[in-house]
Each structure stands twice: as structure tokens, then as C-alpha cells.
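# pasting the sequence and the predicted coordinates here, then a few questions.
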Amino acid sequence: MEAEDRNTNRIADLRGTFGITELPETGKEEMSMVQATLTVNNVKGLHIKPAGEMSRIALSRPCRVYLRVREYEVNAKSVLGILSAQVKCGEQITVVCDGEGEEYVLKEIEAAVNNRFGIE
């Protein structure tokens, strides 16, 4: 029993470190945020280069930016957070931006994803 509790705590610690949280069943819809659902078409998914580019774009404005992937949401300002989501080719992600500069960031991330982050 104690071993299970320790493992559960370790997983929770890792998720906190990488900015991963589970979505509540009701979702997290708020009126002031902008979002878009995109399909990742990079052959290798969101590996280090696209994760770095997405993070760079997210960091360019003070708004909160996160990705919803399957049942998790990850901080898009963290390369490790994006990598920990293990987004594969053909998978859908929802980019959610909230705060000052949200529309700019969403537009730039959308363009980068649709352009495959400049990777052929």
C-alpha cells in the first residue's frame, strides 16, 4: 500500500514539474479565452524543434498559453511540458490562450502548426 502511495505521489510530482494537469470532466471553458483545435502533421509529431518553436511563440506575449492533448493540458511555454505530452503525427491538439496578446499568439501558433514548423 505504501509503495502505491509513493508511486502516485511521484507521478503527481512529475506532472507538476512539467506543467501537466488533468482536465476536470466539465472542461475549462471560459468566455475571455481564444482557442483552436489543430492537427499536428509533422512526421515525428511535436519533437524538440517544433516544441521549442511553439514555446518561443507562447513566451512572446504575457498571456497564459496551454495545449489540451487527450485528457491533459500542458503549459505551452514549457518545452518539457510540450514534449511530455508526446503528441504524435495526426493527433489533434487544442491551443488555448488567455490574456494580453492571446489572439496574436494563437494566430502565430496556428500558422506554425499548419506550416509544419518549417520542417519538410
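On my side now, so go ahead.
# so what does the nearest residue to Met33 once chain neighbours are set aside look like in phi/psi?
Leaving out its chain neighbours, the residue that sits closest to Met33 by C-beta to C-beta, 6 or more residues apart in numbering is Asp98, at 3.8 Å. No exception for glycine: its C-beta is placed from N, CA and C like everyone else's. Main-chain torsions, Asp98, degrees, to the nearest 10: phi -140, psi 120.
# in PDB, could you pull the C-alpha coordinates for the helix or strand harbouring Leu106?
When elements are assigned from DSSP states H and E, Leu106 belongs to helix 102-114. Extracted in PDB, the C-alpha atoms of helix 102-114 (Å, rounded to 0.1, in the frame of the first residue of the first chain):
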ATOM      1  CA  GLU A 102      -3.900  36.000 -26.800                       C
ATOM      2  CA  GLU A 103      -5.100  36.500 -30.400                       C
ATOM      3  CA  TYR A 104      -1.600  37.100 -31.700                       C
ATOM      4  CA  VAL A 105      -0.100  34.000 -30.000                       C
ATOM      5  CA  LEU A 106      -3.000  31.800 -31.200                       C
ATOM      6  CA  LYS A 107      -2.600  33.100 -34.800                       C
ATOM      7  CA  GLU A 108       1.200  32.500 -34.700                       C
ATOM      8  CA  ILE A 109       1.000  29.000 -33.300                       C
ATOM      9  CA  GLU A 110      -1.800  28.100 -35.800                       C
ATOM     10  CA  ALA A 111       0.500  29.300 -38.600                       C
ATOM     11  CA  ALA A 112       3.400  27.400 -37.300                       C
ATOM     12  CA  VAL A 113       1.500  24.100 -36.900                       C
ATOM     13  CA  ASN A 114      -0.100  24.500 -40.300                       C
END
